[in-house]
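[1] turn this into a model:
(2 chains)
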Amino acid sequence: MKAKAVTTLLFAVSLLAACGSDAFGDSDSDGSSTHDNTGSGGTGTVAVSPAGTLIPDGARQLAAQCFQCHGTDGRNDAFESLAGESERELISEMHEMRNEKGGIMHYQARGYSDAQIRAIAAYIASLPGGGSHDDD
Amino acid sequence: MMTDRENSDNARRGFLKGLGLGAVALAAGPGLIRAATTRPQVLVVGGGFAGATAAKYLRHWSTAVDVTLIEPGARYHSPILSNLVLNGQRRLRQLAFNYQTLTHTYGVRHIRSRVTAIDGTNRTVRLVDGRKLAYDRLILAPGISFQPVPGLNRNLVLHAWQSGAQVEKLRRQIAALPAGGTVVLSIPPAPYRCPPGPYERACVIADYLKRNKPGARLIVLDANPDIIVERDNFNQAFTRNYAGIIEYIPNAELQAVDSVQKVAMTSFGDYRADVLNVIPPQRAGNIIRAAGLANDASGLWAAVDPLSYESTAQAGIHVIGDSQGTGQPKAGHIANSEAKVCADAVLRLLDGRQPYEAPMTNSACYSPVSANTATWLTAVFAYDPLSGTMKVVPAASGASIGASRSSYKDMFRWADSLFGDTFA
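    Modelled structure (predicted):
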């Protein structure tokens, strides 16, 4: 391709980039909003869970810390699947495990504050296929 | 040389991306290069637990970013569960993971090559074949390399600490042990990859010897002053389950090795072995050192900011997994955990935002201590802003009380979950 044509094209591209506020944003390249946006504060949008809880900044990386054992986005065959559980169920289970002795989850649950647990639960419940009628 | 897949990947990603590197040569200056490349480029070096997780989660959370994984292997052999190859309970191929899901489902580009040089100022890496790749963010996850030990030839005296062929060779060495023979296992000073790993290996080998090699002994030479993790669990295994088989010698720092005669020379004297397994002292992967990034206090690991794992030596470069020196334990589960913090931070940084200010990570590990029982340990880490380090959350760490069959079963659930979250 000729240098001049390329330069023209590059100039046009740079104009487009300047116009797009979301060139490095978290949404899918086709422009649709997906769970990618939740918990990231990505492009200034505020995300909420199915129960209406505000999903705070950082929730996505906090929730992801559960996925080593519970599968990506909480979908798992081995240990309990978190995907599909309601926000309330997730919070209540974490509190239960904090208080009951034994097991890895007892120590894991003790690692997080109430606010962190709420954030994680809100994020997981907001994932596609997440949450349940229990949140009504 | 570009593979067919890389050529079609470029075509698929479209005209702009295909222009990317070509435009560098034609553009008038650095400003124009940046404006021309609208899609941020993230390179991930190393396809183990840290690198694969980072590549996957970057793309899982944002398809606006191009991610390239530079990893020479077609598949990764997991060191996790690899001790079970030694006693015949697992085959190596059951612990091999390819990058198909990462490439096909998540759109990660996999280049089977090695990085030989990094230009942190101009943000390029050079590959073995001379190709140069530009990046906006570089994530290095090359794992460990071994410090030299006088006389140690690692092809003759195996470490089997990076899974793969060496594990299978060590298995055969142990299987060929004469009755009444001696296995010597040398444990390096902490920090090393997988704190419970060597003690777990000692148990698995001892269990094998107990059942298959009457009169055989296992001498455990530990450079550390005591069992460094799950002390009660492993001590119980050593002294009760394997009394008469395991002899545990702490403070036995390895000074030299005769790799041909299989002699381990320590401060306590020389130990001759029929099978000598030396796990050498460790340091960051070679590319870290070559790039001048092994700048922690010991000079062995990469000092990084735990909020993003960005190197304190070079902006734009992040180091995760065993190679980094935050003081978190070195292991696959927590490497995956760090990778998620890093991926989230990199996406935020590419977006002009700061990393999240309160990251959490966690470690968990199940260790087989016999053919059907296992122990576990776990910890949750939180960022401490005062010290700028990751600290164990008080009361959020613990280990199993002894070994059990149910923990042995859970071990496979844990490992399968981790493998899936990382590679699938």
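
[2] strands of chain A, start to end?
    Taking DSSP state E, chain A contains no strands at all.

[3] touching, B:L58 and B:V65? I think so.
    Yes. Counting by C-beta atoms under 8 Å, B:L58 does reach B:V65; the two are 5.9 Å apart. C-beta here means a position set from N, CA and C on the backbone, and glycine is covered the same way.

[4] can you pull the contacts of B:I174?
    For B:I174, the contact set (C-beta atoms under 8 Å, 6 or more residues apart in numbering or on different chains) comprises B:L86, B:V183, B:I205, B:Y208, B:L209, B:V275.

[5] go again with 7 Å.
    B:I174 makes contact with B:L86, B:V183, B:I205, B:Y208, B:V275, according to C-beta atoms under 7 Å, 6 or more residues apart in numbering or on different chains.

[6] most neighbours among the residues you listed, which one?
    With neighbours set by other C-beta atoms under 10 Å in any protein chain shown, the maximum within those is found at B:I205, which has 28 neighbours.

[7] count the neighbours of the residue nearest to B:P142 when sequence neighbours are not counted for me.
    Nearest non-adjacent residue to B:P142, counting by C-beta to C-beta, 6 or more residues apart in numbering or on different chains: B:G285, 2.8 Å away. A total of 25 residues lie near B:G285 under the criterion other C-beta under 10 Å.

[8] quick check: B:G285 vs chain A, distance?
    Per C-beta to the nearest C-beta, to the nearest Å, B:G285 is found 22 Å from chain A.

[9] wouldn't that residue be in contact with B:Q162 here?
    No. If you go by C-beta atoms under 7 Å, B:G285 and B:Q162 don't touch, sitting 10.5 Å apart.

[10] for residue 108, what are its contacts?
    Assuming you mean chain A. So A:Q108 contacts B:N362, B:T378, B:V380 (C-beta under 7 Å, 6+ apart).

[11] my question was about chain B, not that one.
    So B:V108 contacts B:A55, B:K56, B:R59, B:V67, B:L69, B:L102 (C-beta under 7 Å, 6+ apart).

[12] swap in 6 Å and give it another go.
    B:A55, B:R59, B:V67, B:L69, B:L102 (C-beta atoms under 6 Å, 6 or more residues apart in numbering or on different chains).

[13] hang on, the third one in a strand?
    Yes. In this structure, B:V67 lies within a strand as judged by DSSP: H, G, I helix; E, B strand; the rest coil.

[14] how about the helices in chain A?
    Using DSSP state H, the helices of chain A run over residues A:3-19, A:59-64, A:67-70, A:87-99, A:103-110, A:114-126.

[15] make TSV out of the ones you listed and add mean pLDDT.
    Shown next, in TSV, are those (pLDDT from 0 to 100):
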stretch	mean pLDDT
helix A:3-19	44
helix A:59-64	98
helix A:67-70	97
helix A:87-99	95
helix A:103-110	96
helix A:114-126	97
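
[16] mind putting the ones you listed into JSON lines with distance to B:R217?
    JSON lines is the format used below for the helices of chain A (distance: least, C-beta to C-beta, whole Å):
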{"stretch": "helix A:3-19", "distance to B:R217": "68"}
{"stretch": "helix A:59-64", "distance to B:R217": "45"}
{"stretch": "helix A:67-70", "distance to B:R217": "37"}
{"stretch": "helix A:87-99", "distance to B:R217": "43"}
{"stretch": "helix A:103-110", "distance to B:R217": "34"}
{"stretch": "helix A:114-126", "distance to B:R217": "49"}
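
[17] pick the most buried one from those helices.
    helix A:59-64 (a mean of 28; mean count of other C-beta atoms under 10 Å in any protein chain shown).

[18] quick check: the farthest pair among the contacts of B:V108?
    Spatially, the most separated pair among the contacts of B:V108 is B:R59 and B:L69, at 10.1 Å (C-beta to C-beta).

[19] thought A:A78 was touching A:C69, still the case?
    No. Using C-beta atoms under 6 Å, A:C69 is not in contact with A:A78; the gap is 7.6 Å.

[20] any shared contact partners between those two?
    The contact sets of A:C69 and A:A78 overlap at B:S417 (C-beta under 6 Å, 6+ apart).

[21] who has more neighbours, B:L58 and B:V65?
    Ranked by neighbour count (other C-beta under 10 Å), B:L58 and B:V65 place B:L58 first, with 29 against 24.

[22] tell me which helix or strand that one sits in.
    helix B:49-61 (DSSP states H and E).

[23] give the contact list for the residue nearest to B:P178 when sequence neighbours are not counted.
    Sequence neighbours aside, B:D274 is the residue nearest to B:P178 in space, at 6.3 Å (criterion: C-beta to C-beta, 6+ apart). Contact partners of B:D274, counting by C-beta under 6 Å, 6+ apart, are B:L177, B:G181, B:T182.

[24] with B:K340 instead?
    Applying C-beta under 6 Å, 6+ apart, one finds that B:K340 lies in contact with A:Q61, A:A64, B:Y57.

[25] just to check, B:S400 is in contact with B:T373?
    No. B:S400 is beyond contact range of B:T373, at 10.0 Å (criterion: C-beta under 6 Å).

[26] circling back to that earlier point, overlap in contacts of B:L58 and B:V65?
    Joint contacts of B:L58 and B:V65 (C-beta under 6 Å, 6+ apart) are B:V42.

[27] I'm done for today, thanks for sticking with me.
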